[in-house]
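Novice: Sequence and predicted structure are below.
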Amino acid sequence: MKNNENEEISRLQLIAQKEVLSFREALVYLDVSNSFLYKLTSKKQISFSKPNNGKLYFKKKDLNEWMQNNQSQSISDREKQVNNYLKGKSNGK
């Protein structure tokens, strides 16, 4: 049991250090199913590379951007945004 945990930690550390991930590494990084990631690629909803029509690879930067799509703002963030906008208006901007 302990050996499996150590292997998993090592695997996650390796993924954290890489800029480009394989399909399997992307599954772990995104914590999604095989079929879900294939669906995203087939619908071109997530960027990927397929060198020589072989395996799929993903830039971690692109995966991060995809995960942050449709981000919801908290009420306090929205209040700050409104206050900053109103401050700008009152300063004649």
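Specialist: That came in fine, so what should we check first?
Novice: packing partners for the one helix or strand residue 36 maps to?
Specialist: Assigned by DSSP states H and E, residue 36 falls within helix 34-42. Applying 3 or more Cβ pairs under 8 Å, 6 or more residues apart in numbering; DSSP states H and E, we find helix 34-42 packed against helix 23-30. Where C-beta positions appear, they are placed from N, C-alpha and C, glycine not excepted.
Novice: what sits up against the worst-scoring helix or strand of the chain on mean pLDDT?
Specialist: The weakest-scoring helix or strand in the chain, judged by mean pLDDT, DSSP states H and E, is helix 2-17 (a mean of 83). With Cβ atoms under 8 Å, 6 or more residues apart in numbering as the test, helix 2-17 has contacts from 21, 25, 28-29.
Novice: and residue 62, how many neighbours does it have?
Specialist: 16 (other Cβ atoms under 10 Å).
Novice: Where does it sit, in terms of helix or strand?
Specialist: In the assignment (DSSP H and E), residue 62 maps to helix 60-67.
Novice: mind listing what's buried in that helix?
Specialist: 60, 62-63 (16 or more other Cβ atoms under 10 Å).
Novice: Same check on stretch 27-39?
Specialist: 27, 29-30, 37.
Novice: re the thing from before, using PDB, write down the CA coordinates of the very next helix or strand once past the helix holding residue 62.
Specialist: Downstream of helix 60-67, the next assigned helix or strand under DSSP H and E is helix 75-90. Output of helix 75-90 as PDB, limited to C-alpha atoms (Å, rounded to 0.1, in the frame of the first residue of the first chain):
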ATOM      1  CA  ILE A  75     -20.100  38.400  -4.700                       C
ATOM      2  CA  SER A  76     -17.200  40.200  -3.000                       C
ATOM      3  CA  ASP A  77     -15.200  40.200  -6.300                       C
ATOM      4  CA  ARG A  78     -18.200  41.700  -8.100                       C
ATOM      5  CA  GLU A  79     -18.700  44.300  -5.400                       C
ATOM      6  CA  LYS A  80     -15.000  45.300  -5.700                       C
ATOM      7  CA  GLN A  81     -15.400  45.600  -9.500                       C
ATOM      8  CA  VAL A  82     -18.500  47.800  -9.100                       C
ATOM      9  CA  ASN A  83     -16.800  50.000  -6.500                       C
ATOM     10  CA  ASN A  84     -13.700  50.400  -8.700                       C
ATOM     11  CA  TYR A  85     -15.900  51.300 -11.700                       C
ATOM     12  CA  LEU A  86     -17.800  53.900  -9.600                       C
ATOM     13  CA  LYS A  87     -14.600  55.400  -8.200                       C
ATOM     14  CA  GLY A  88     -13.400  55.800 -11.800                       C
ATOM     15  CA  LYS A  89     -16.700  57.500 -12.800                       C
ATOM     16  CA  SER A  90     -16.500  59.900  -9.800                       C
END
